[in-house]
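Chemist: Take this sequence and fold it.
(one chain, ligands or ions: 1)
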Amino acid sequence: MKKTVIAIAGVAMFGIGTAAHAASGEDVYKQVCFACHDAGVAGAPKIGDKAAWESRIAKGKDILYKHSIEGFTGEAGAMPPKGGRTDLSDDAVKSAVDYMLGKVQ
Ligand code: HEC
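Modeler: Below you'll find the predicted structure:
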């Protein structure tokens with residue numbers, strides 16, 4: 001687990017250097033994802049809401065990355081690809097997912 005996190009962090013850092021808008025997962029969250037995930041807009045699971053994230057985390061991180069990058073329509077609502085910011089690098093989106101998951105673990 002630790003190894004995976006370190007590997008992802010390394011990849012994310014590499015991505016940041018090449019993508020103009022990309023920054024830390026926290027920055028991406030605060031610029032993009034917060035719009036829905038702070039207040040639970042449109043059925044989005046709220047940041048820090050363990051009950052809302054439990055079943056999602058159970059799907060596995062790779063699925064959550066995939067759904068965040070490609071978009072996902074579930075029972076609660078629709079998650080737009082990259083939160084609507086398709087100019088973000090995949091790695092920037094992944095680091096935002098890591099940031100969000102860090103708030104419920
Ligand atoms: C326009 C609103 C909106 C924005 C912006 C948004 N999301 Fe979401 N997100 C949703 C909704 C709604 C869901 C729940 C979909 C469902 O389960 O029905 C969701 C679900 C998710 C999930 C869980 C997916 C799953 O498989 O259960 C993750 C992870 C996620 N979002 C990450 C992000 C990240 C990272 C960003 C910023 C890059 C972001 N979201 C921006 C609306 C949004």
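
Chemist: and residue 69, how far is that from residue 50?
Modeler: 24 Å (C-beta to C-beta, to the nearest Å). Backbone N, C-alpha and C define where each C-beta goes, glycine included.

Chemist: Counting neighbours around each, name which of these two comes out higher.
Modeler: Neighbours were counted for residue 69 and for residue 50 using other C-beta atoms under 10 Å; residue 69 has more, 20 against 12.

Chemist: before we move on, which element is the more buried one in?
Modeler: Assigned by DSSP states H and E, residue 69 belongs to helix 61-70.

Chemist: moving C-terminal of that helix, what's the next helix or strand?
Modeler: Per DSSP H and E, the first helix or strand lying C-terminal to helix 61-70 is strand 72-73.

Chemist: now for the following helix or strand past that next one, which elements pack on it?
Modeler: Following strand 72-73 in sequence order, the next helix or strand is strand 78-79 (DSSP H and E). If contacts are counted by 3 or more C-beta pairs under 8 Å, 6 or more residues apart in numbering; DSSP states H and E, strand 78-79 sits against strand 72-73.

Chemist: and with 6 Å instead?
Modeler: If you count contacts as 3 or more C-beta pairs under 6 Å, 6 or more residues apart in numbering; DSSP states H and E, strand 78-79 packs onto no helix or strand.

Chemist: count of residues packed around residue 49?
Modeler: Close neighbours of residue 49, defined as other C-beta under 10 Å, add up to 14.

Chemist: ignore the last one, residue 99
Modeler: Neighbour count of residue 99, defined by other C-beta under 10 Å: 18.

Chemist: Likewise for residue 100?
Modeler: Neighbourhood size, residue 100 [other C-beta under 10 Å]: 25.

Chemist: That one: what's its closest spatial neighbour, skipping adjacent residues?
Modeler: In space, and not counting its chain neighbours, residue 100 is closest to residue 47: 5.6 Å by C-beta to C-beta, 6 or more residues apart in numbering.
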